[in-house]
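Student: here is a sequence together with a model predicted from it:
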Amino acid sequence: MSLLSLFDPSLLGRADAPALEFDPADGSRFTATFGELERRSNRLARVLESRGLKPGDRIAFFLANRVEIIDLWLAGVKSGLIVVPINVLYRERELRHILTDAAPTAVVTTADLAGFIPAGVPVWDVVTLNAEAASQPSERRIVPCEERTPVSLIYTSGTTGASKGAVLTHGNFIANGRSLISGWRFTSADRYLCTLPLFHVHGLGNGIHCWLGSGCHMRLTERFEHAKAAAWFEDYQPSVFFGVPAMFIRLLEVPMERAPAIGRRLRLAVSGSAPLPAEIHEKFRERYGSVILERYGMTETLMNISNPYVGERRPGTVGLPLPHVEVKILDEEGRPVAEGTTGEVWVRGTNVCDGYWRRPDATAAAWKDGWFRTGDIGSRAADGYITLHGRRSDLIISGGFNIYPREIEELLLEQPGVREAAVVGKPDPVRGEVPVAYLVADPALDETAMRTRLSSQLASFKLPRAYVRVDALPRTALGKIQKHLLPPWTPS
């Protein structure tokens, strides 16, 4: 069973229905029906075949959001190819690592981005491919694929080191898409505003697949632009929006008099890819009247856990395991922890990838008896809601006490004048490690008053040893903080 089983009710069954509009920065507008998308991808599949691509070959793309990414994804699904999305913000070091590891036949990109591709890697211009495809027959030609057939290599964000390629299959994406469409109540009547980058599983595996699987309408933009966001919402009137916390923080800047009308039409606002501070959850509800649905997924697993569509969307939690996912929380010895106690989150299900590309060592370390070790620290409440406390690698052990940075970060974000916060462990000769806070803050921040407030709400061993002011926190394209890129700190 291939991904076409998820897409065909739209591509073939709703062929005449309006499917997509795209608004590039040059002010033009592209529109297409599902049938037109079907034919475009059939033509492109023939071009790829004529250029020598065979089932199982890798084809990479290095592109900002554009319609041709959708064409390439569908053509790859139909041709049995393995598509390798690459973050458009990556440069020489990251690109060389991924392209050496994945060894694609070619990279599809644009003339302005081609110069970033390392020498020796074949580059195919997306405009040229598009022109070639226009003259090809539009009839479908399919390479049969099974659920275990790889369809994509998606590289982890590399927040702690070199990224690894997760081997995602047709079955992984089918399970994920069907679960989200059902659980989040997608129908063909929805209108989905897509501002997420399509090189990431959030935008591709969730957004694009919920759109194609439900047959709803989508407006695609090149990127999220906070200055244009209110006008996009008012003009397009979406019922669904997927975002990352940084986007929802920016949406809080929309004037109070404009926000309620946007919120009334927005039946579903989903946040993911990074932790959503509980304070932002509440402020968005107050401004828009819409309650954000936070969920938890990974490149290797797609979606694992979600707050319910019907029921309490609890701030600070990621909700309950999705129907196709088993979740357990274990201590360092592999024993289940008690309710309310922290441990590592392990998952198992049809959503979990088939391992890491050409990394048997990393695969063996991350999987045990069919369970995937996420590396995330979580706890489960008595009613089943799961809260994440940070990455296992972020855990700070100070004088024998465990410190979870997210707890301190959440409290810092509640302080007047603090706009962003990251807490990391730094070596200490006495305690082993101590927490140090990096802050993006207003110049007028009263640090003395802030220290006083924190000391009344945190145990003494959790109090940051120092507060380092920075202009910005290093982040991935999806808003995850890259703590290993924070500037060095030495005790005074």
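Tutor: Sure, I can see it.

Student: helices along this protein, start to end?
Tutor: Assigned by DSSP state H, the chain shows helices spanning 4-11, 34-50, 67-79, 92-102, 126-133, 170-183, 209-214, 226-236, 245-251, 259-265, 278-288, 360-366, 405-413, 447-455.

Student: for the fifth one, buried residues please.
Tutor: This means helix 126-133. Judged by neighbour count (16 or more other C-beta atoms under 10 Å), helix 126-133 contains these buried residues: 126, 129-130, 132-133. Where you see a C-beta, it was placed from the backbone N, CA and C, and this is true even at glycine.

Student: what's the angle between it and helix 34-50?
Tutor: Between helix 126-133 and helix 34-50, the angle comes out at 100 degrees (axes from the mean of the first three to the mean of the last three C-alpha atoms, to 10 degrees).

Student: about what we covered before: most tightly packed of the helices of the chain?
Tutor: Here the criterion is mean neighbour count by mean count of other C-beta atoms under 10 Å, and of those the winner is helix 209-214, at a mean of 25.

Student: what's in contact with that helix?
Tutor: Under the contact criterion C-beta atoms under 8 Å, 6 or more residues apart in numbering, helix 209-214 has outside partners 6-7, 9-11, 173, 176-178, 180-181, 184, 186-188, 190, 192, 194, 216, 218, 240.

Student: quick one: distance of it to the chain centre.
Tutor: Going by C-alpha atoms, centre = their mean, to the nearest Å, the spacing between the C-alpha centre of helix 209-214 and its chain's C-alpha centre is 17 Å.

Student: CA atoms only for that helix - export them in CSV, please.
Tutor: In CSV, the C-alpha atoms belonging to helix 209-214 read as follows (Å, rounded to 0.1, in the frame of the first residue of the first chain):
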residue,chain,number,x,y,z
HIS,A,209,-0.7,15.2,4.0
CYS,A,210,-3.7,16.4,6.0
TRP,A,211,-4.5,18.7,3.0
LEU,A,212,-4.1,16.1,0.3
GLY,A,213,-5.7,13.4,2.5
SER,A,214,-8.8,15.4,3.3
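
Student: and it, what's its mean pLDDT?
Tutor: Confidence over helix 209-214 (mean pLDDT, whole number) is 98.

Student: again with stretch 357-372
Tutor: According to the model, stretch 357-372 has a mean pLDDT of 95.

Student: residues contacting the spatially closest residue to residue 464 that is not a sequence neighbour?
Tutor: Once flanking residues are discounted, residue 464 sits nearest to residue 437: 3.9 Å by C-beta to C-beta, 6 or more residues apart in numbering. Residue 437 sits next to 408-409, 412, 421-423, 464, 466-468 when contact means C-beta under 8 Å, 6+ apart.

Student: recalculate using a threshold of 7 Å.
Tutor: Listed by C-beta atoms under 7 Å, 6 or more residues apart in numbering, the contact partners of residue 437 are 408, 412, 421, 423, 464, 467-468.

Student: quickly run through the sheet partners of the worst-scoring helix or strand of the chain on mean pLDDT, with directions.
Tutor: The weakest-scoring helix or strand in the chain, judged by mean pLDDT, DSSP states H and E, is strand 401-403 (a mean of 76). Here strand 401-403 is paired, per DSSP bridges, with strand 396-398 (antiparallel).

Student: contacts for the partner strand, please.
Tutor: Residues external to strand 396-398 that are found in contact with it (C-beta under 7 Å, 6+ apart): 403, 405, 425, 431-435, 461.

Student: then stretch 402-411?
Tutor: Residues from elsewhere that reach stretch 402-411, judged by C-beta under 7 Å, 6+ apart: 275, 277-278, 377, 389-390, 394-396, 421-424, 435, 437, 454, 457-458, 461-462, 464.

Student: quick check, distance from stretch 251-258 to the centre of its chain.
Tutor: With C-alpha atoms, centre = their mean, you get 25 Å for stretch 251-258.

Student: and residue 487, what does it touch?
Tutor: residue 470.

Student: residues in contact with residue 325?
Tutor: Residue 325 neighbours (C-beta under 7 Å, 6+ apart): 304, 347, 349, 351.

Student: what's around the third one, how many residues?
Tutor: If you count neighbours by other C-beta atoms under 10 Å, residue 349 ends up with 23.

Student: distance of the nearest residue to residue 415 once chain neighbours are set aside from residue 489?
Tutor: Nearest residue to residue 415, sequence neighbours excluded (C-beta to C-beta, 6+ apart): residue 450, at 4.9 Å. Using C-beta to C-beta, to the nearest Å, we find residue 450 at a distance of 18 Å from residue 489.

Student: follow-up on the earlier one: mark which of the contacts of residue 437 are buried, thanks.
Tutor: 408, 412, 421, 423, 464, 467.

Student: show me the shaky parts of the stretch 301-450 of the chain.
Tutor: Residue ranges of the stretch 301-450 of the chain with pLDDT under 70: 400.

Student: now the strands: where do they sit in it?
Tutor: In the stretch 301-450 of the chain, the segments counted as strands under DSSP state E, counting those that start in this stretch are 302-306, 320-321, 325-330, 343-349, 367-368, 371-380, 386-391, 396-398, 401-403, 418-428, 432-441.

Student: same list, those, but as JSON lines with distance to residue 314 please.
Tutor: As requested, those are exported to JSON lines (distance: least, C-beta to C-beta, whole Å):
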{"stretch": "strand 302-306", "distance to residue 314": "11"}
{"stretch": "strand 320-321", "distance to residue 314": "10"}
{"stretch": "strand 325-330", "distance to residue 314": "16"}
{"stretch": "strand 343-349", "distance to residue 314": "17"}
{"stretch": "strand 367-368", "distance to residue 314": "30"}
{"stretch": "strand 371-380", "distance to residue 314": "13"}
{"stretch": "strand 386-391", "distance to residue 314": "9"}
{"stretch": "strand 396-398", "distance to residue 314": "26"}
{"stretch": "strand 401-403", "distance to residue 314": "23"}
{"stretch": "strand 418-428", "distance to residue 314": "22"}
{"stretch": "strand 432-441", "distance to residue 314": "26"}
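
Student: any idea which of those is most buried?
Tutor: Note that of these, strand 302-306 is the most buried (mean count of other C-beta under 10 Å), with a mean of 27.

Student: quick one: residues in contact with that one.
Tutor: Residues contacting strand 302-306 (C-beta under 7 Å, 6+ apart): 172, 176, 179-180, 183, 201, 205-206, 293, 295-297, 318-322, 325, 327, 347, 351, 386.

Student: partners of it, with directions?
Tutor: Going by DSSP bridges, the partners of strand 302-306 are strand 293-298 (antiparallel), strand 320-321 (antiparallel).

Student: if we can go back for a sec, out of the strands of the stretch 301-450 of the chain, nearest to residue 248?
Tutor: Minimum separation from residue 248 across the strands of the stretch 301-450 of the chain (C-beta to C-beta) falls at strand 418-428, 13.7 Å.
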